[in-house]
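Student: A predicted structure for the sequence below; I have some questions about it.
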Amino acid sequence: MNRKITFSIIGFLLFAITAMAQNANLHTVANNGWANNSVNTVIFRKNALTSYKGVQYIAYYDDEQFVVLGKRKIKTQKWELLRTKYKGDASDAHKSISIMVDGAGILHLAWGQHNNKLNYAKAIKAGSLVMGEKLEMIGEKETKVSYPEFYKLANGDVLFFYRDGGSGNGNLMINRYQTKTQKWIRVQDNLIDGEGKRNAYIQTTVDVKGTIHVSWVWRESPDVASNHDLCYAKSTDGGLTWQKSDGEKYQLPINSANAEYALKIPQNSELINQTSMFADENGFPFIATYWREKGETVPQYHLVYKSQAQWEVKNLGFRKTGFTLSGGGTKKIPIARPQLIAWKNGKNIAVALIYRDIERGSKVSMALNNNLNNNNWEISDLTETSVGEWEPAYDTDLWAKEKIMNLFVQKVEQVDGEGKANAKPTLIQVLTWKPFN
């Protein structure tokens, strides 16, 4: 190849990657974020950021372990912050904070959950950051709550997902808050049944048409090395009935025998649990995760997604460093569980994977592919400095409505096996990125 042409191509790629990084803007919300573990930045925060009618809300633990809430008009960087009266034992990285605004403008809050009694409150009125007293939802199976996650349906009702029970023998529960009655009802008492032998570690998304997509790995014990397989289910009626990707109805509860397997992955493959999902405008689901393929030594990021005909798998293949996953508690892992977004790019589908990798200095990084039909990934860093053991969480409502990604960013330190570091408070920041097309 002509040298001038070669240099031109290299220059263009460098320009594209630099431009992608420059397309990101980072602003500071506060300077007192709890940083002694990753509780503010774990992947299963649903949500760290959420928006409603032009106002964005945020939640985090401060350096004294109090829950702090904030809001801003989306087009400004001026935040109103309020330290609540609630604390959540931030020293356990499982005990993350989740928020959601319902269709009436009321903020809902759950925090401090790891096999303990439900911690739930809601704002005293629409648009307020002031929380009322602790509330029950249903009042049953609310004493061993883990992984609280909120999702909003198209009519403004709110779903609450959580695990009832412990690692290895827990069951998936779903409640629904009805904005008209302001009451919670039980939708599913045991959607995915571990049969006392295992439990499902899930990831969930609700698409623009209101379909709920759930995928999960099975775990046989508290040891993360026992994660295996990727399964899938969806609901088109708010979680009442469930089906496979081809429309076949599930007989509930779903268990290891009747589940749809998007992909079989054996134990001891460095398969991570509780990663992320996305569904495009046509309702096709995407699962973003990582594992080590048979015969390989390096865990790689993968996309598992449903096309018209079948489940497809893409190995992104750009990592070089091996590691192993085993043991219990929150792990110190050299890469983050990723988030994924996708959008139309002309006749193609563009995809962006947001992650953190020690190979790149543990910065906020993005792997961008402008055409899912190929496997060409442009990688860039969206921050200049390390974010420690941060994992990505973004405002899903804002992305769905405006194709603007707002990431919750904080530098945190995670000691392996649920340890607590001795880190000073760090900045709570929001990173804004949007595609060029």
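Tutor: Ah, there it is.

Student: which intervals of the stretch 301-437 of the chain have sub-threshold pLDDT?
Tutor: Under the criterion pLDDT under 70, the flagged ranges of the stretch 301-437 of the chain are 327-331, 417-419, 421, 437.

Student: Tell me where it has helices.
Tutor: Counting by DSSP state H, counting those that start in this stretch, the stretch 301-437 of the chain has helices at residues 396-402.

Student: measure stretch 64-81 end to end?
Tutor: 15 Å (C-alpha to C-alpha, to the nearest Å).

Student: contacts for it?
Tutor: Identification of contacts with stretch 64-81 by C-beta atoms under 8 Å, 6 or more residues apart in numbering yields 27, 29-30, 34, 51, 54-62, 82-91, 97, 99, 107, 109, 111, 127, 129, 131, 398. C-beta: built from backbone N, CA, C; applies to glycine.

Student: Out of these, which end up buried?
Tutor: Buried members of the contacts of stretch 64-81, counted by 16 or more other C-beta atoms under 10 Å: 29-30, 34, 51, 56-62, 84, 86, 88-91, 97, 99, 107, 109, 111, 129, 131, 398.

Student: Now go through those residues and say which are in helices.
Tutor: residue 398 (DSSP state H).

Student: Now go through the buried ones among the contacts of stretch 64-81 and say which are in strands.
Tutor: In strands, judged by DSSP state E, the following of the buried ones among the contacts of stretch 64-81 are found: 29-30, 51, 56-61, 84, 86, 99, 107, 109.

Student: nearest spatial neighbour of residue 33, skipping sequence neighbours?
Tutor: Distances taken as C-beta to C-beta, 6 or more residues apart in numbering place residue 428 nearest to residue 33, at 4.4 Å, with adjacent residues excluded.

Student: Then residue 63?
Tutor: Spatial nearest neighbour of residue 63, chain neighbours left out: residue 425 (4.0 Å); criterion: C-beta to C-beta, 6+ apart.

Student: right, and the one you found touches residue 33 too?
Tutor: Yes. Between residue 425 and residue 33 there is a contact under C-beta atoms under 8 Å: 5.8 Å.

Student: what is in contact with these two at once?
Tutor: 62-63.

Student: which residues of the stretch 101-250 of the chain fall in helices?
Tutor: Under DSSP H, counting those that start in this stretch, the stretch 101-250 of the chain gives no helices.

Student: Could you list everything residue 163 pairs with in the sheet?
Tutor: In this entry, residue 163 is beta-bridged to residue 146, residue 172, by DSSP bridges.

Student: Share the number of residues neighbouring the residue nearest to residue 63, please.
Tutor: Burial of residue 425 is recorded as 16 neighbouring residues (other C-beta atoms under 10 Å).

Student: Quick one: residues contacting it.
Tutor: Shown in contact with residue 425 (C-beta under 8 Å, 6+ apart): 31-35, 62-63.

Student: ok, now residue 258?
Tutor: Residues counted as contacts of residue 258 (C-beta under 8 Å, 6+ apart) are 250-251.

Student: ok, so what distance separates it from residue 199?
Tutor: Distance of residue 258 to residue 199, given as C-beta to C-beta, to the nearest Å: 16 Å.

Student: do the same with residue 170
Tutor: Counting by C-beta to C-beta, the gap from residue 170 to residue 199 is 4 Å.

Student: For these two, indicate the residue with more neighbours.
Tutor: More neighbours surround residue 199 than the other of residue 170 and residue 199, with 29 against 22 (other C-beta under 10 Å).

Student: re the thing from before, for the ones in strands among the buried ones among the contacts of stretch 64-81, give me JSON lines that also has pLDDT and distance to residue 416.
Tutor: Converted to JSON lines, those look like this (pLDDT from 0 to 100; distance: C-beta to C-beta, whole Å):
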{"residue": "29", "pLDDT": "98", "distance to residue 416": "29"}
{"residue": "30", "pLDDT": "98", "distance to residue 416": "28"}
{"residue": "51", "pLDDT": "98", "distance to residue 416": "35"}
{"residue": "56", "pLDDT": "98", "distance to residue 416": "34"}
{"residue": "57", "pLDDT": "98", "distance to residue 416": "32"}
{"residue": "58", "pLDDT": "98", "distance to residue 416": "28"}
{"residue": "59", "pLDDT": "98", "distance to residue 416": "26"}
{"residue": "60", "pLDDT": "98", "distance to residue 416": "23"}
{"residue": "61", "pLDDT": "98", "distance to residue 416": "20"}
{"residue": "84", "pLDDT": "98", "distance to residue 416": "30"}
{"residue": "86", "pLDDT": "98", "distance to residue 416": "28"}
{"residue": "99", "pLDDT": "98", "distance to residue 416": "28"}
{"residue": "107", "pLDDT": "98", "distance to residue 416": "34"}
{"residue": "109", "pLDDT": "98", "distance to residue 416": "30"}
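
Student: Top of the contacts of residue 425 by number of neighbours, please.
Tutor: Within the contacts of residue 425, neighbour counts (other C-beta under 10 Å) peak at residue 35, which reaches 28 neighbours.

Student: That one is in contact with residue 423, isn't it?
Tutor: Yes. In this structure residue 35 lies within contact range of residue 423 using C-beta under 8 Å: 4.2 Å.

Student: quick one: common contacting residues for the two?
Tutor: Common neighbours of residue 35 and residue 423 (criterion: C-beta under 8 Å, 6+ apart): 412-413.

Student: Count residues in the vicinity of the residue nearest to residue 409 when sequence neighbours are not counted, would you?
Tutor: Nearest non-adjacent residue to residue 409, counting by C-beta to C-beta, 6+ apart: residue 429, 4.4 Å away. Residues near residue 429, counting by other C-beta under 10 Å, number 20.

Student: Please apply the same query to residue 333.
Tutor: Here the number of neighbours of residue 333 (other C-beta under 10 Å) works out to 21.

Student: Touching, it and residue 325? I think so.
Tutor: Yes. Contact criterion C-beta under 8 Å: residue 333 and residue 325 qualify, at 7.1 Å.

Student: Touching both of the two, which residues are there?
Tutor: In contact with both residue 333 and residue 325: residue 272, using C-beta under 8 Å, 6+ apart.

Student: CA-only coordinates of stretch 210-218, as CSV, when you get a sec.
Tutor: Presented in CSV, the C-alpha positions along stretch 210-218 are these (Å, rounded to 0.1, in the frame of the first residue of the first chain):
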residue,chain,number,x,y,z
GLY,A,210,-42.8,-1.7,27.1
THR,A,211,-41.6,-5.2,26.7
ILE,A,212,-39.6,-6.4,29.7
HIS,A,213,-36.4,-8.4,28.8
VAL,A,214,-34.6,-10.5,31.4
SER,A,215,-31.5,-12.5,31.0
TRP,A,216,-29.5,-14.3,33.6
VAL,A,217,-26.7,-16.7,34.5
TRP,A,218,-27.2,-19.6,36.9
